[in-house]
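*Asks:* make a model of this:
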Amino acid sequence: MRHISRRSFLRAAGGAGLAAAAGCATADTRPGHIDAHVHVWPTGTAKYPLAPHMTKGGCVDSFTPEQLFAHCKPEGVTRIVLIQMSFFQFDNSYMLDAIANYPGVFSGVGIVNEHEAGVARRMKDLARRGVRGFRIHAGKEKDPGVWLGTPGMAEMWRAAADEGLSICPLISPDALPFIGKMCAKYPRTSVVIDHFARIGVTGSMARADLDPLLNLSKHPHVRVKASAFYVLGKRQPPYLDLGPMIRECRDAFGAQRLMWASDCPFQVGPGHTYHDSIALIRDRLDFLSREDKEWLLGRTAENVFWA
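*Replies:* The predicted structure is shown next:
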């Protein structure tokens, strides 16, 4: 989920479990759970070249839709939100082809360059091809007020509101107050916070980090992904130490504004499984009602990414 954690995701993660998935070429389109955050990429770079100066780092050589299905289908997951992979940067081609190749199965979150002219037009073009959200992140800029304050970023937030799309920030807790200011400035814009804003990456769910996230619940169009369990808190299945944070988010936002996601393929690295991720929400948190689980495991993501 951070670049450093991606590089720590060793090539060994692509062993037998992923290789065995290669023969699964179709997806089940019957109603089922939705995984709201997955990355895919192909073997090789001839047709889908990496962006300049980008490498796959320590990531597995490939994680294709077919490899994904081997993990998600046994758990009843039939639809997936694809997140544009960072090492392709602004070339969303592979994600778009996956959406086209599996109609109804995938929705997409793309990446556009807010510093280039015509960013709103580019967003509209991608929306016509199945993209329903746009990832934003700081890049090399350390000051959230700077990277969130550009004219292009303002254009993105306005276009998202006008077109019924979502802004999907990949941020750390220090950026949460600035996201709150953007939500106040653009109150019609749908916002989906990735991975609890990375609260717990340091190993603890500090009150000073969690309160700004919960404070965003006052903005009615903000939603939160309960995701990337493999890298939060104790980083150990069954991830029960994340339960209190999930409960506080449920209490603040309501289950209708939370969505579960795996963050595959990083969730299926050594010591972690797809089953353990979905099971935390589906089976292991007794404070979640049946209706809560329905929202977390599908209805929220459906409303945002398939509406």
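
*Asks:* helix/strand/coil for Val191?
*Replies:* Three-state call for Val191 (DSSP: H, G, I helix; E, B strand; the rest coil): strand.

*Asks:* that one touches Ile167, doesn't it?
*Replies:* Yes - counting by CB atoms under 8 Å, Val191 touches Ile167, with 5.2 Å between them. No exception for glycine: its C-beta is placed from N, CA and C like everyone else's.

*Asks:* so for these two, which sits in the more crowded spot?
*Replies:* Each of Val191 and Ile167 has its neighbours counted (other CB atoms under 10 Å); Ile167 has more, 26 against 23.

*Asks:* which residues does that one contact?
*Replies:* For Ile167, the contact set (CB atoms under 8 Å, 6 or more residues apart in numbering) comprises Gly133, Phe134, Ile136, Met156, Trp157, Ala160, Thr189, Ser190, Val191, Val192.

*Asks:* tell me the pLDDT at the nearest residue to Leu285 once chain neighbours are set aside?
*Replies:* Distance criterion CB to CB, 6 or more residues apart in numbering; nearest residue to Leu285, sequence neighbours excluded, is Gly243 at 5.4 Å. Looking at Gly243, its pLDDT reads 98.

*Asks:* backbone phi and psi for Gly243, please?
*Replies:* As for Gly243, its main-chain torsions (degrees, to the nearest 10) stand at phi -60, psi -50.

*Asks:* put the alpha carbons of the one helix or strand Met153 maps to into CSV.
*Replies:* Assessed by DSSP states H and E, Met153 sits inside helix 151-163. Provided in CSV are the C-alpha atoms of helix 151-163 (Å, rounded to 0.1, in the frame of the first residue of the first chain):
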residue,chain,number,x,y,z
PRO,A,151,-5.5,24.2,-9.8
GLY,A,152,-5.6,20.8,-11.3
MET,A,153,-6.6,19.2,-8.0
ALA,A,154,-9.5,21.7,-7.8
GLU,A,155,-10.5,20.8,-11.3
MET,A,156,-10.5,17.1,-10.3
TRP,A,157,-12.7,17.6,-7.3
ARG,A,158,-15.2,19.7,-9.3
ALA,A,159,-15.3,17.2,-12.2
ALA,A,160,-15.8,14.3,-9.8
ALA,A,161,-18.9,16.0,-8.3
ASP,A,162,-20.3,17.0,-11.7
GLU,A,163,-19.8,13.5,-13.2
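
*Asks:* show me what that helix is packed against.
*Replies:* Where contact means 3 or more CB pairs under 8 Å, 6 or more residues apart in numbering; DSSP states H and E, helix 151-163 is packed against helix 119-127, strand 131-136, strand 166-169.

*Asks:* switch the cut-off to 7 Å
*Replies:* helix 119-127, strand 166-169 (3 or more CB pairs under 7 Å, 6 or more residues apart in numbering; DSSP states H and E).

*Asks:* return the most buried member of these.
*Replies:* Highest mean neighbour count among those (mean count of other CB atoms under 10 Å): strand 166-169, with a mean of 25.

*Asks:* okay, now the sheet partners of that strand, with direction.
*Replies:* Applying DSSP bridges to the sheet, strand 166-169 is found paired with strand 131-136 (parallel), strand 190-193 (parallel).

*Asks:* now this structure, which segments are flagged as low pLDDT?
*Replies:* Within the chain, the segments meeting pLDDT under 70 span 1-30.

*Asks:* helices of that one, start to end?
*Replies:* Assigned by DSSP state H, the chain shows helices spanning 3-7, 16-19, 65-72, 93-101, 119-127, 144-147, 151-163, 176-185, 207-215, 243-253, 274-282, 290-294, 300-305.

*Asks:* format the ones you listed as TSV; extra columns: distance to Val201.
*Replies:* Shown next, in TSV, are these (distance: least, CB to CB, whole Å):
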stretch	distance to Val201
helix 3-7	8
helix 16-19	25
helix 65-72	23
helix 93-101	25
helix 119-127	29
helix 144-147	16
helix 151-163	24
helix 176-185	14
helix 207-215	10
helix 243-253	12
helix 274-282	16
helix 290-294	25
helix 300-305	23
